[in-house]
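Peer 1: Give me coordinates for this.
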Amino acid sequence: MSNSPSLTDCPTTAQPDVLPLGGLLALACAGFITILTEAMPAGLLPQMGEGLDVSPALVGQLVTLYALGSLLAAIPLTLLTRGWRRRPLLLVAIGGFALVNSVTALSSHYGLTLGARFFAGVFAGLLWALLAGYASRMVAPHLQGRAIAVAMLGAPLALSLGVPAGTFLGTVAGWRLSFAIMTGLTLVLLIWARWQLPDFAGEPPGKRLGMREVLTLPGIRPVLWVTFTYVLAHNILYTYIAPLLAPAAITADIDRVLLVFGLAALLSIWLAGLLIDRWLHTLLLISCALFGLIAVALAFWINIPAVIYVAIALWGLAFGGLPALLQTALAKSAGASADAAQSMLVTVWNLGIAGGGLVGGVLLEGWEVAAFPWAVVLLMLLAFAGASQAAPSTSIP
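Peer 2: Model prediction:
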């Protein structure tokens, strides 16, 4: 058992023995809006470039500024707001997306849009730091993993369905309408969240651990290590998915490939929701091992389309449930300091995203895509080693 305080030490309302799906789905929708806001510009580069009178490369920096906002803000904002009541704080984070997406929809100035995107990342960093702890507090301890899995459902749904739909709408009716619709959806979500979500007290001043103390709690560092190595490996492949498909001559099928990945990721989250509260540690080890084996297969058969499709499906299966696994493990290790620990995960996750783009670019330039699978194999060996150390603090088989 962890010697950290339990999540149930935090002041809460009643913890039901059934999943409060109305509230958990509100959290999932918040994640959906967050990912949709993050990824939408990537699918609308030409249209946004024309509307803002800048090159597609500069439009790409709208995604970069979003990630930078999350990276810089997650830990400081979480520390600053640890004593705030949770529901008003979450509503502020959700409402922030309505504001920044409205500015994006109306702005004709690149600099203003860039600023809106940075603050979108700031709100995202705060929201991701809150979601897992919020979901955990809404249920009894034996349902916490399943609750987190439901709350995390919005992210893969946004990637597999929301972004393609938003891109199609933006292409047909204009990118500004896509962002305006996101604002409308966010306003509806605000009402829903206010109605469905219980409120919880923040951390009492006398019980707050410093970030360094949270970092030294048993189980925290192994989970963060797995987060960094796994997300780094994932983004080496995901960021450069088009070059990865080139040896098999299926680059033109990238939309189909990503759909396979997204559907497999949804299946992974469903399976994680069923098993996470009993087999958290085992699932984490299986995820690391499966991704590593996929990379080995790609190393030897990267030029065979059938192998690519099977590998992509298994990759989605390995990765889809990962956020719920990591956040559940971290929440169980951090106890009452779950939000502070989750802010570390948000920061490390974004470092992994940035690192994947950087390392993948260096590998592509120096050794081409043949180097990608071997880099992933190495990283997944390191992730597996970290995952094996996560068990004692989570006390999960």
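Peer 1: use CA for all of it now, contacts and neighbours both
Peer 2: Fine.
Peer 1: what residues go with each domain of this protein?
Peer 2: Annotated domains of the chain cover 17-207, 211-391 [automatic domain parsing].
Peer 1: Export those domains to CSV and append columns for mean neighbour count.
Peer 2: As requested, the domains of the chain are arranged in CSV below (neighbours: other C-alpha atoms under 10 Å):
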stretch, mean neighbour count
domain 17-207, 20
domain 211-391, 21
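Peer 1: Pipe the ones you listed into a markdown table and attach mean pLDDT per row.
Peer 2: Shown next, in a markdown table, are those (pLDDT from 0 to 100):
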| stretch | mean pLDDT |
| --- | --- |
| domain 17-207 | 88 |
| domain 211-391 | 89 |
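Peer 1: and residue 18, how far is that from residue 31?
Peer 2: Taken as C-alpha to C-alpha, to the nearest Å, the spacing of residue 18 relative to residue 31 amounts to 22 Å.
Peer 1: before we move on, what about residue 361?
Peer 2: From residue 361 over to residue 31 (counting by C-alpha to C-alpha), the distance is 29 Å.
Peer 1: With residue 140 instead?
Peer 2: Plainly put, residue 140 is 22 Å away from residue 31 if you go by C-alpha to C-alpha.
Peer 1: mind listing what residue 60 touches?
Peer 2: 41-42, 45 (C-alpha atoms under 8 Å, 6 or more residues apart in numbering).
Peer 1: Just name the closest of these to residue 237, please.
Peer 2: Closest approach to residue 237 among those (C-alpha to C-alpha): residue 42, at 16.7 Å.
Peer 1: tell me which element that closest one falls in.
Peer 2: Under DSSP states H and E, the secondary-structure element containing residue 42 is helix 21-43.
Peer 1: Does anything pack onto that helix? Which helices or strands?
Peer 2: Counting contacts by 3 or more C-alpha pairs under 8 Å, 6 or more residues apart in numbering; DSSP states H and E, the secondary-structure elements packed against helix 21-43 are helix 56-80, helix 86-106, helix 110-137, helix 144-151, helix 154-157, helix 163-173, helix 175-196.
Peer 1: SS state for residue 198?
Peer 2: Following DSSP: H, G, I helix; E, B strand; the rest coil, we place residue 198 in the coil state.
Peer 1: Please apply the same query to residue 328.
Peer 2: On the basis of three-state DSSP, residue 328 is classed as helix.
Peer 1: Residue 159 against residue 35, yeah?
Peer 2: Yes: Residue 159 is within contact range of residue 35, at 7.2 Å (criterion: C-alpha atoms under 8 Å).
Peer 1: Please look at residue 247 and residue 303 and confirm they touch.
Peer 2: Yes: with contact taken as C-alpha under 8 Å, residue 247 and residue 303 are classed as touching, separated by 4.8 Å.
Peer 1: so how far is residue 328 from residue 143?
Peer 2: The span separating residue 143 from residue 328 equals 11 Å under the rule C-alpha to C-alpha.
Peer 1: same question, residue 204
Peer 2: 23 Å.
Peer 1: Equivalent analysis for residue 182, please.
Peer 2: With distances taken as C-alpha to C-alpha, residue 182 is found 29 Å from residue 328.
Peer 1: ok, back up a step: of all the contacts of residue 60, which comes closest to residue 105?
Peer 2: Proximity of these to residue 105 (C-alpha to C-alpha) peaks at residue 41, which lies at 11.6 Å.
Peer 1: list the contacts for that closest one?
Peer 2: If a contact means C-alpha under 8 Å, 6+ apart, then residue 41 has 48, 59-60, 62-63 as its contacts.
Peer 1: And residue 228, by the same measure?
Peer 2: Applying C-alpha under 8 Å, 6+ apart to residue 228 gives the contacts 348-349, 351-352.
Peer 1: Sort out which of those residues are in helices and list them.
Peer 2: When helices are assigned by DSSP state H, the members of the contacts of residue 228 inside them are 348-349, 351-352.
Peer 1: now, which of the residues you listed sits nearest residue 269?
Peer 2: residue 349 (18.3 Å).
Peer 1: isn't that closest one right next to residue 227, touching?
Peer 2: Yes: the pair residue 349 and residue 227 passes the contact test of C-alpha under 8 Å, sitting 6.3 Å apart.
Peer 1: Surely residue 166 touches residue 176?
Peer 2: No: in this structure residue 166 lies outside contact range of residue 176 using C-alpha under 8 Å: 10.6 Å.
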